[in-house]
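**Q** Quick one: sequence plus predicted model below, questions after.
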Amino acid sequence: MRHVLRRHESYVFAVLVAFSLIVAAVNPGFLTLENLFDLLKSYAMLGILAVGVLVVLIAGGIDISFTAVATVAVYTTMILITRYGGNILIAFGLSSLIGLTLGLVNAVIIYTFRIPSIITTIATLNIYYGLLTVVSGGKWISILPAWFRDFAAIRVFTLTNAGGAPYGLSIMSLIWLAVVVLVWGVLRYTLVGRGIYALGGSPTSARRAGFNLLALHLFVYGLMGGLAGLAGLIQALLVQTVAPNALVGKELDVLAAVVLGGASLSGGSGTLTGTLLGVALVAVLSNGLTMMRVPSSWYGVCIGLVIIASVSLSAYRRKARVRRPIIVAAE
């Protein structure tokens, strides 16, 4: 129990539970199964992006371009699908492949020219968005295939609320959970996962341990790009439109969720459990404030305060561990 209480995730979970109880006291409809399934569906896109950002942060990098990658991938995919036809599997595969390619471009630039990842991805963010705006002319894609709309309505199972309206676990929520399980397995049980943590801890030590740093960079940023393409398509399924500027500004929400979960911006540490709790806290704050009828302008203020409190607590706990005296018994 002492070990559990020392973990950052425990504090995030405590804040999550406390805020949920406060919202439920104001609006009892918050703590319902229907609202939970709705949150899982609504935040599937943010959750998938958060998983990719976590892997990048563990590897010691910072990626800012993922929203631009997601937008370019899904916009290009839907243009090709509407012109030449296809199905949902082709759409997912094509969007992920385009995102993967753009992520690999980031990896090559970062590794080859030794440019800090945050500078590189800010540059590619503007390049990708700029090119998309020029090519698309800012036009939205609102006429989508019928099979695209049908897939968005699929539920793994369906229940009925008191008013007779159906609800249930969306297929998009299941895709998000599948991504979490897959990445957890890679980080926990594979040599690549160990290499990612080693790269974030010390690139020099990782190289001396025999890890191929170029291959790790390609994997990390390629994974981020592929997940961004997947998340972009999930967002299109949710809103049934594709806009060149649909994801502008979402970078901060995703980074907030991952940082709230305890991932270190200096690399080498972070857990999927913490990231999931961070996404849950962001979702509960947004949904809870809405259900409490608090003006949406206060959402950013609350997120900012929670981030500052979370990071300050983590810093204090690290400093306390460093200052803790070590007693050695000598005979």
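**A** Thanks, I have it.

**Q** Is Tyr167 located within a strand, as I assumed?
**A** Yes: with DSSP: H, G, I helix; E, B strand; the rest coil as the criterion, Tyr167 is located in a strand.

**Q** Please identify the nearest residue in space to it, excluding sequence neighbours.
**A** Closest residue in space to Tyr167, ignoring its immediate chain neighbours: Glu34 at 4.7 Å, by C-beta to C-beta, 6 or more residues apart in numbering. Bear in mind the C-beta positions are built from the backbone N, C-alpha and C, glycine included.

**Q** Helix or strand: which one has the residue positioned nearest the centre of the chain?
**A** When the chain is reduced to its mean C-alpha position, the nearest residue by C-alpha atoms, centre = their mean turns out to be Ala50, at 1.4 Å. Using DSSP states H and E, Ala50 sits within helix 44-58.

**Q** cool, and Pro295?
**A** Applying DSSP H and E, one finds Pro295 in no helix or strand.

**Q** Quick check: it vs Leu289, distance?
**A** 8 Å (C-beta to C-beta, to the nearest Å).

**Q** where in the stretch 1-150 of the chain is pLDDT low?
**A** Residue ranges of the stretch 1-150 of the chain with pLDDT under 70: 1-5.

**Q** Count the residues that sit near Tyr111.
**A** Using other C-beta atoms under 10 Å, Tyr111 is surrounded by 18 other residues.

**Q** Would you check that Thr275 makes contact with Leu255?
**A** No: counting by C-beta atoms under 8 Å, Thr275 does not reach Leu255; the two are 11.1 Å apart.

**Q** The two: which is more packed in?
**A** Counted by other C-beta under 10 Å, Thr275 and Leu255 do not tie: Thr275 has more neighbours, with 29 against 22.

**Q** where does the residue nearest to that one when sequence neighbours are not counted land on pLDDT?
**A** What sits nearest to Thr275 in space, not counting adjacent residues and going by C-beta to C-beta, 6+ apart, is Gly261, at 4.2 Å. On pLDDT, Gly261 comes in at 89.

**Q** got the contact list for Gly261?
**A** If you count contacts by C-beta atoms under 8 Å, 6 or more residues apart in numbering, Gly261 has them with 8-9, 12, 50, 54, 270-271, 273-279.

**Q** Could you give the number of residues near the residue nearest to Asn27 when sequence neighbours are not counted?
**A** Nearest non-adjacent residue to Asn27, counting by C-beta to C-beta, 6+ apart: Met291, 4.3 Å away. Applying other C-beta under 10 Å, we find 17 residues neighbouring Met291.
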